[in-house]
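# got a structure for you, letters missing:
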């Protein structure tokens with residue numbers, strides 16, 4: 001008899017959080033990468049204030065996307081290297097619960113990095129980035145990336161070149177989300193009228209739902225391969 005769906009989800013989330021609290025490996029590596037990225041961009045754009053304002057949304061999202069890829073790779077690799085992935089697959093549990101549990105854990109780790117980035121970039125770039133709509137866009141964007149990334153990380157974790165392969169297969173799929181997030185963020189930062197950027201936020205939310213449904217259905221087939 002299969003264990004209850006939400007009991008499995010909560011157990012996986014709890015296990016990931018406890019493991020991260022002990023090792024601080026995922027948040028540490030993701031945070032260090034994000035910090036170095038925004039510092040490099042900040043110094044590179046120091047002499048051109050106009051370019052800094054124009055580029056800040058791209059800097060934010062590129063940093064988040066590649067930080068999430070780093071975290072997704074390490075998260076799934078640890079599951080495989082420690083034998084947890086095989087144990088989960090042979091256990092009498094719903095494969096969809098594995099996907100949702102890993103998704104929520106990955107989302108929380110990436111969101112933590114994003115929550116640190118906003119105030120830090122506010123200081124470095126001297127722009128107010130902590131606004132309700134920007135936070136909503138951040139949540140929707142990170143959710144979309146982690147949904148796609150969790151599915152594809154489950155697919156590439158079985159390969160030897162998983163570190164190089166995940167960005168290659170993930171970026172073309174995540175590109176629409178990235179473009180929408182950057183366009184929405186740019187409009188919010190520049191205080192543009194809502195009709196110029198609100199539609200991007202709405203489409204971002206719709207794409208999140210579509211990707212969530214598709215990835216949930218595909219995970220069982222992907223993880224078997």
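Done, it's in. On a predicted model such as this, the values are computed, not experimentally measured, just so you know.
# what does stretch 162-170 rub up against?
Residues outside stretch 162-170 that contact it (C-beta atoms under 8 Å, 6 or more residues apart in numbering) are 66, 69, 72-73, 76-77, 148-149, 152-153, 155-156, 159. C-beta: built from backbone N, CA, C; applies to glycine.
# buried residues in the lowest-mean-pLDDT helix or strand in the chain?
Within the chain, confidence by mean pLDDT, DSSP states H and E is lowest for helix 84-90 among all helices and strands, at a mean of 76. In terms of neighbour count (16 or more other C-beta atoms under 10 Å), helix 84-90 has its buried residues at 84-85, 88.
# show me what contacts the nearest residue to residue 6 once chain neighbours are set aside?
In space, and not counting its chain neighbours, residue 6 is closest to residue 97: 7.7 Å by C-beta to C-beta, 6 or more residues apart in numbering. Listed by C-beta under 8 Å, 6+ apart, the contact partners of residue 97 are 3, 5-6, 8-9, 12.
# quick one: buried ones out of those residues?
8-9, 12.
# counting by contacts, list what the least confident helix or strand of the chain packs against.
Applying 3 or more C-beta pairs under 8 Å, 6 or more residues apart in numbering; DSSP states H and E, we find helix 84-90 packed against helix 49-81, helix 95-125.
# hey, least reliable of these by pLDDT?
Among these, helix 49-81 carries the lowest mean pLDDT, a mean of 81.
# tilt between that one and helix 95-125?
150 degrees (axes from the mean of the first three to the mean of the last three C-alpha atoms, to 10 degrees).
# tell me, how many residues neighbour residue 135?
Residue 135: 15 surrounding residues under other C-beta atoms under 10 Å.
# which residues are in contact with the closest residue to it other than its chain neighbours?
Counting by C-beta to C-beta, 6+ apart, residue 118 is the residue found nearest to residue 135 once chain neighbours are left out, at 7.6 Å. Applying C-beta under 8 Å, 6+ apart, we find residue 118 in contact with 129-130, 134-135, 138.
# ditto for residue 65
Contacts of residue 65 by C-beta under 8 Å, 6+ apart are 145, 171, 174, 178.
# which of those are buried?
Counted by 16+ other C-beta under 10 Å, these give 145, 174, 178 as buried.
# count the neighbours of residue 20 for me.
Going by other C-beta under 10 Å, the residues that sit close to residue 20 add up to 20.
# export the helices and strands packed on helix 84-90 to a markdown table and tack on distance to residue 29?
Listed next are those as a markdown table, based on distance: least, C-beta to C-beta, whole Å:
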| stretch | distance to residue 29 |
| --- | --- |
| helix 49-81 | 6 |
| helix 95-125 | 10 |
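# what's in contact with the helix or strand where residue 27 lies?
Assessed by DSSP states H and E, residue 27 sits inside helix 25-44. By C-beta under 8 Å, 6+ apart, the surrounding residues in contact with helix 25-44 are 20, 52, 55, 59, 62-64, 66-68, 70-71, 74-75, 78, 109-110, 112-113, 116-117, 120-121, 124-125.
# and the buried ones among those residues, selectable in ChimeraX?
Of those, the buried ones can be selected in ChimeraX as follows, counting by 16+ other C-beta under 10 Å:
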select :20,52,55,59,62,63,64,66,67,68,70,71,74,75,78,109,110,112,113,117,120,121,124,125
